[in-house]
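Undergrad: what follows is a predicted protein model with its sequence.
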Amino acid sequence: MCGMYFVCSLLFDHDVNVYVLKCPDTFTFRSTTQFIHGWGMLQYYDIQNHFEELVKREEKLSQERIELYAMHWEKLVEENASLRAVISGVPTSVGEDFYDYLILRELDGKPVEQNELVFRVMSETHFGVYGFWYKYRIRELIKNGLIEVVEDSDEEKYRILKRK
């Protein structure tokens with residue numbers, strides 16, 4: 001979404017047509033319907049044979065919508081936040097600790113390897129947040145005393161953690 005808002009900010013002064021292709025919520029492949037949480041998930045399916053079906057989802061953006069997205073992008077640029085989340089379909093500046101509750105929720109008192117913790121958070125949420133962000137936030141949660149390292153390791157991903 002941020003990318004689309006950025007592109008609209010580049011194009012809103014120009015007389016061009018902008019089309020968007022919406023990612024489907026579900027995708028049926030080999031008689032099995034799966035939830036799709038972003039375009040990246042479609043790389044695991046043979047979408048070549050379903051391209052016509054996907055292209056039918058194309059929509060031309062009105063000039064008003066392009067301008068609205070461009071103005072919203074400029075506001076986000078001014079805020080200069082280190083993290084943005086799409087809330088109700090709108091990119092929004094949020095605090096760095098916005099996703100911390102997801103990490104803490106997965107720590108149920110039993111020690112867990114950091115790699116496993118990150119995997120569980122990512123597989124539960126599908127928010128499009130990369131593992132490096134959760135690893136960064138885990139470091140901050142340790143520093144702030146909310147998570148403790150039960151067993152350290154030379155490689156951060158193998159250390160054993162638990163909630164304090």
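TA: Right, received. Where do you want to start?
Undergrad: contacts, neighbours, all on C-alpha from now
TA: Noted.
Undergrad: would you tell me which helix is longest in this protein?
TA: The single longest helix within the chain, with elements called by DSSP state H, is helix 63-79.
Undergrad: state the mean pLDDT of the helix or strand just after it.
TA: Per DSSP states H and E, the first helix or strand lying C-terminal to helix 63-79 is strand 83-87. Mean pLDDT, strand 83-87: 89.
Undergrad: what does stretch 6-14 give?
TA: For stretch 6-14, the mean pLDDT works out to 94.
Undergrad: quick one: that stretch to chain centroid distance?
TA: 23 Å (Cα atoms, centre = their mean, to the nearest Å).
Undergrad: next, the buried residues of it.
TA: 6, 7, 8, 9, 11, 12 (16 or more other Cα atoms under 10 Å).
Undergrad: the last one and residue 66 touch, don't they?
TA: Right, the one you point to is residue 12. Yes. Counting by Cα atoms under 8 Å, residue 66 is a contact partner of residue 12 at 5.9 Å.
Undergrad: which other residues reach the helix or strand in which residue 115 is found?
TA: With elements taken from DSSP H and E, the one containing residue 115 is helix 114-125. Identification of contacts with helix 114-125 by Cα atoms under 8 Å, 6 or more residues apart in numbering yields 102-103, 106-107, 129-131, 134-135, 156-161.
Undergrad: change it to 10 Å
TA: Here helix 114-125 makes contact (Cα atoms under 10 Å, 6 or more residues apart in numbering) with 37, 99, 102-107, 111, 113, 127-135, 138, 149, 156-162.
Undergrad: among the residues you listed, which are in helices?
TA: If you go by DSSP H, the contacts of helix 114-125 have 102, 103, 104, 105, 106, 131, 132, 133, 134, 135, 138 in helices.
Undergrad: and the residues you listed, which are buried?
TA: Of those, these count as buried by 16+ other Cα under 10 Å: 102, 103, 104, 106, 134, 135, 138.
Undergrad: list just the nearest of the residues you listed to residue 18.
TA: Comparing these against residue 18 with Cα to Cα picks out residue 134 as the nearest, at 34.1 Å.
Undergrad: how many neighbours does the closest residue to the closest one other than its chain neighbours have?
TA: Here the nearest residue to residue 134 in space, its sequence neighbours aside, is residue 118; by Cα to Cα, 6 or more residues apart in numbering that works out to 6.5 Å. When neighbours are counted by other Cα atoms under 10 Å, residue 118 registers 22.
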